[in-house]
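1. Build me a model from this:
(2 chains)
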There are 2 protein chains.
Amino acid sequence: MQNFDYQTPTRLIFGKGVVEELPQVMSGFGKKILLTYGGGSIKKIGLYDKVKELLSGYEIYELSDIKPNPKYDPSVLDGVRMCKENEVDVILSVGGGSVLDCSKAIAAGAKYDGDPWDLISYKVKAKDALPIVDIITLAATGSEYDMGGVISRTETNDKIGYMDPLLYPVVSFLDPTYTFSVSKKQTAAGCADAMNHIMEQYFCEDSTILNDGFMEAGLKSLMINARKCLENPDDYTARAEMMLTCTYGCNGIYSLGNSYTGWPCHGMEHALSAYYDITHGEGLAIITPRWMKHILSEKTVERFVKYGVNVFGIDASLDKFEIAERAIEATYKFFESINIPMHLKDVGIDESRIDEMAKHVADNEGLENAWAPLMQKDIAEIFRASL
Amino acid sequence: MQNFDYQTPTRLIFGKGVVEELPQVMSGFGKKILLTYGGGSIKKIGLYDKVKELLSGYEIYELSDIKPNPKYDPSVLDGVRMCKENEVDVILSVGGGSVLDCSKAIAAGAKYDGDPWDLISYKVKAKDALPIVDIITLAATGSEYDMGGVISRTETNDKIGYMDPLLYPVVSFLDPTYTFSVSKKQTAAGCADAMNHIMEQYFCEDSTILNDGFMEAGLKSLMINARKCLENPDDYTARAEMMLTCTYGCNGIYSLGNSYTGWPCHGMEHALSAYYDITHGEGLAIITPRWMKHILSEKTVERFVKYGVNVFGIDASLDKFEIAERAIEATYKFFESINIPMHLKDVGIDESRIDEMAKHVADNEGLENAWAPLMQKDIAEIFRASL
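-> Residues are numbered from 1 along each chain as shown, chains lettered A, B, ... in the order given. This is a model prediction of the structure:
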């Protein structure tokens, strides 16, 4: 078991109707709020009006139209400028993980005099950040309970994960009813994203009974509840379980003390969605079973056996490689069963830039140090197998 | 799934040698430290000297000899007096859960002008508390990651759980090597305490796939690793897994969103250790299987089936009551196998005060609202079955 240093100070306020506590929570931060959101879904579900009504005494500046795979320019830069010009006290992020990721970069940028990219690219360590409160409306990224965000810079095809302990949300509101209207496509993609967060931690050299059981339960929770949400989008219990399971995805608690893994699928997928702006969860679902096949070996097979037996109930008495292959097939079949497009060509990616993307990943993601090391050649092979 | 409001701001610094970071952590709080500890085990393992060496520039006041089932008088009162007289800035608790529980009551009392019992008995809500840093040397209570403490007042036979969000430790140091020297008796009692923390949350009306898997893994981790620790006290991995699994015991994360349970075994055991000052974990181990037998019914049986199948691997095709009874028997046998005395008479408790204790529990613990409600008569029956 590895040494670790863990802290997640975020307060989670979870359940139906909890947004009523928003005025009390916001009262601690000052009167000037930057309200960040995406394309308008929060207006359709009445949440925008609700927030404005609850915060009627505040001075609210709005940054809207934050896109999936949120962009440095215009979103982050606009948000930073608005915070500085208006001396904003706190950011209220209302929406999914992309809105929150973008808000985190803004929170740091607002307290920094130079180009915010200095912080995102780790050229400069942030010294301060605006506090962030969020109301999360999608079960997927876990950004509501972690210190990271992923920002894309279009002109350089960069999609960078940016982490700093200053960026934990102070309070996250999670009301599962806000996810009732999430489309089937996004529900499935959110499930795949959250499953991959767990798999990125599960496939490692060294874990514990506790962590393995926690992660296996997380994977089962996501698969069982995603099916229920797709069948009945208003199933409160299923939406709530999805939401909580996703929340733990990226703050490390699933794997405290486990050995380093390198998060290889995220590293590879970041290139796909940077170059082609595809849905992150779909990109992950496509890559994951191909990555699994690629890395299956005498060295890695035991983890696949554990995964197959404990998550999919595969007969433990079979040959270990047989179990592993069945587990990989079951992973693929699950994603397919929730109607995720399972080939890159289905999401508009062809052969043409594969080598360029593979080089980009190999140059930037450090996957040569992953549990199962990946060189440029491996990455290109995984991409090609995913076509 | 129930609404919840959850936050655990404590930073966990975990692993071999992490105490070297103590000076850096302590530098944030001021120069005057109240160092709290127990009967001297921290001197035997060299930790006392190490702490004094690391903090050589500080003004350190020492409150020693804090007992298991820590006492209001003298320990809490002495600590409060020392903090006030010396204008202490921060408490450093070095030892097991009892030392830390006591330190939490001191932290609140030090910032309150009246009788600290006002706070512990919830007559007055604390407005402030001293910050607490701890170095935990026993895998058991989870006090290092929760906001509660249990304090005993001898003259009234009260043993009260006291909780306040002000009392989360700021930083908890967890070095598994400090538990190498824990006796077999205390290792087993710590395991039983931590198992019971999970069971108190597991046996409920309504849980989730995620929480159940997390708790089942916790129980398996404790049983497997406790055996390893007893066989080989210096098994780092086993000690480390025990320690982390215990850490989650009482801060609620094992059961976020689950329905109310009432923590009945703790409610009953508090009377036993208040009246007889027995080892808390042993009291819990003795009561737990008798409580299980007492509450087993058509209403509760399904939880016992899940427990039996998932924790003990009992054949799921058997009759449900057969599975439940085997699970209860397996619980008893496990405790017995790690040499816990399994009868109250083995720990010096006889029939004489059972009715008095049962009345005390019924009057003070609210167990009529537990998942399986317990009246005074039930409590007395469980105590008698435990003789």
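
2. Tell me which residue lies farthest from the centre of chain A.
-> In terms of distance from the mean C-alpha position of chain A, residue A:317 ranks first, at 35.5 Å (CA atoms, centre = their mean).

3. element containing it, please.
-> Residue A:317 belongs to no helix or strand when assigned by DSSP states H and E.

4. Report pLDDT for it.
-> As predicted, residue A:317 sits at a pLDDT of 98.

5. Please report the distance of it from chain B.
-> The spacing between residue A:317 and chain B, counted by CB to the nearest CB, to the nearest Å, is 15 Å. All C-beta atoms are positioned from the backbone trio N, CA, C, and that covers glycine.

6. can you check residue A:294 too?
-> 28 Å.

7. Could you pull up the contacting residues of that residue?
-> Applying CB atoms under 8 Å, 6 or more residues apart in numbering or on different chains to residue A:294 gives the contacts A:378, A:381, A:382, A:385.

8. hmm, try it at 7 Å
-> Counting by CB atoms under 7 Å, 6 or more residues apart in numbering or on different chains, residue A:294 touches A:378, A:381, A:382.

9. Would you mind listing which of those residues are buried?
-> Among the contacts of residue A:294, those classed as buried by 16 or more other CB atoms under 10 Å in any protein chain shown are A:378, A:381, A:382.

10. Would you map out the domains in chain A?
-> Using automatic domain parsing, the domains assigned to chain A come out as A:11-178, A:183-385.

11. Do me a favour and get the end-to-end distance for the shortest one?
-> What that stands for is domain A:11-178. 19 Å (CA to CA, to the nearest Å).

12. Please tell me how far it is from the chain's geometric centre.
-> In terms of CA atoms, centre = their mean, to the nearest Å, the centre of domain A:11-178 is found 15 Å from the chain centre.

13. what does chain A have sitting close to chain B?
-> Within chain A, the positions lying close to chain B (CB under 7 Å from any CB of the partner chain) are A:1-7, A:9, A:11-16, A:18, A:208-210, A:212-214, A:216-218, A:220-221, A:224, A:237, A:240-241, A:244-245, A:256-257.

14. List only buried entries from those residues.
-> For the residues of chain A next to chain B, buried by 16+ other CB under 10 Å: A:1, A:4, A:6-7, A:11-15, A:18, A:208-210, A:212-214, A:216-218, A:220-221, A:240-241, A:244-245, A:256-257.

15. Next step: the buried ones among the contacts of residue A:294 restricted to helices.
-> Of the buried ones among the contacts of residue A:294, the ones assigned to helices by DSSP state H are A:378, A:381, A:382.

16. Turn these into a markdown table, columns for pLDDT.
-> As requested, those are exported to a markdown table (pLDDT from 0 to 100):
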| residue | pLDDT |
| --- | --- |
| A:378 | 98 |
| A:381 | 98 |
| A:382 | 98 |
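
17. Show me where the stretch 151-300 of chain A has its helices.
-> A:184-202, A:209-231, A:236-247, A:264-276, A:280-295 (DSSP state H, counting those that start in this stretch).

18. Reformat those helices into CSV and put mean pLDDT next to each item.
-> CSV is the format used below for the helices of the stretch 151-300 of chain A (pLDDT from 0 to 100):
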stretch, mean pLDDT
helix A:184-202, 98
helix A:209-231, 98
helix A:236-247, 98
helix A:264-276, 95
helix A:280-295, 98
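
19. Which of these sits closest to residue B:46?
-> helix A:209-231 (28.9 Å; CB to CB).

20. Starting from residue A:386, give me the distance back to residue A:347.
-> Look at residue A:347 and residue A:386: by CB to CB, to the nearest Å, they are 10 Å apart.

21. next one: residue A:139
-> With CB to CB as the criterion, residue A:139 and residue A:386 are 25 Å apart.

22. who's more crowded, those two?
-> Neighbours were counted for residue A:139 and for residue A:386 using other CB atoms under 10 Å in any protein chain shown; residue A:139 has more, 35 against 21.

23. give the contact list for the more buried one.
-> By CB under 7 Å, 6+ apart, residue A:139 lies in contact with A:179, A:190, A:194, A:242, A:243, A:246.

24. and residue A:39, what pLDDT?
-> 89.

25. Tell me who's in contact with it.
-> residue A:65.

26. ditto for residue A:356
-> Neighbours of residue A:356 in contact, by CB under 7 Å, 6+ apart: none.

27. Would you indicate which residues of stretch A:185-198 are buried?
-> Result for stretch A:185-198 [16+ other CB under 10 Å]: buried residues A:186-198.

28. of all these, which comes closest to residue A:168?
-> residue A:197 (16.7 Å).

29. Enumerate every residue touching the residue in the stretch 51-200 of chain A that chain B sits nearest to.
-> For the stretch 51-200 of chain A, the residue closest to chain B is residue A:176, as judged by CB to the nearest CB, at 7.9 Å. Residue A:176 makes contact with A:16, A:236, A:239, A:240, A:243, according to CB under 7 Å, 6+ apart.

30. Let's see the helix or strand of chain A with the lowest mean pLDDT as CSV, backbone CA atoms only.
-> Every helix and strand of chain A was ranked by mean pLDDT, DSSP states H and E. The lowest is strand A:158-163, at a mean of 90. Extracted as CSV, the C-alpha positions of strand A:158-163 are listed here (Å, rounded to 0.1, in the frame of the first residue of the first chain):
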residue,chain,number,x,y,z
ASP,A,158,-4.6,20.7,-26.4
LYS,A,159,-7.0,19.2,-23.9
ILE,A,160,-5.4,19.6,-20.6
GLY,A,161,-6.4,18.3,-17.2
TYR,A,162,-5.7,21.1,-14.6
MET,A,163,-5.7,20.3,-10.9
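
31. What strands line up against it, and which way round?
-> For strand A:158-163, sheet partners with direction are given as strand A:148-153 (antiparallel), following DSSP bridges.

32. Output the partner strand as CSV - backbone C-alpha positions only.
-> Written as CSV, here are the backbone C-alpha positions of strand A:148-153 (Å, rounded to 0.1, in the frame of the first residue of the first chain):
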residue,chain,number,x,y,z
GLY,A,148,-9.6,19.3,-11.4
GLY,A,149,-10.9,20.5,-14.6
VAL,A,150,-10.2,19.7,-18.3
ILE,A,151,-9.8,22.7,-20.7
SER,A,152,-9.4,22.5,-24.4
ARG,A,153,-7.5,25.0,-26.5
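
33. how many degrees apart are that strand and helix A:280-295 in direction?
-> 100 degrees (axes from the mean of the first three to the mean of the last three CA atoms, to 10 degrees).

34. which residue is nearest the middle of chain A?
-> Note: chain A centre (CA atoms, centre = their mean) maps to residue A:141, 2.7 Å.

35. Mind naming the longest strand for chain A?
-> strand A:4-14 (DSSP state E).

36. List the contacts of it.
-> A:21, A:145, A:168-174, A:244, A:247, A:251-253, A:256-257, B:3-7, B:9, B:11-15, B:257.

37. what's in contact with the one helix or strand residue A:93 maps to?
-> Assigned by DSSP H and E, residue A:93 belongs to strand A:90-95. By CB under 7 Å, 6+ apart, the surrounding residues in contact with strand A:90-95 are A:26, A:29-30, A:33-38, A:42, A:47, A:51, A:99-100, A:103, A:106-107, A:130-135, A:137.

38. Also stretch A:339-347?
-> By CB under 7 Å, 6+ apart, stretch A:339-347 touches A:184, A:188-189, A:192, A:278, A:282, A:285-286, A:332, A:335-336, A:386-387.

39. With respect to chain B, which of the contacts of residue A:294 is nearest?
-> Nearest to chain B among the contacts of residue A:294, with distances taken as CB to the nearest CB, is residue A:382, at 29.7 Å.

40. quick one, what contacts the closest one?
-> A:268, A:287, A:290, A:291, A:294.

41. which helices and strands sit right next to whichever helix or strand comes after the strand holding residue A:93?
-> Later in the chain than strand A:90-95, the nearest helix or strand by DSSP H and E is helix A:97-109. If contacts are counted by 3 or more CB pairs under 7 Å, 6 or more residues apart in numbering or on different chains; DSSP states H and E, helix A:97-109 sits against strand A:32-36, helix A:77-86, strand A:90-95, helix A:117-120, strand A:132-136, strand A:148-153.
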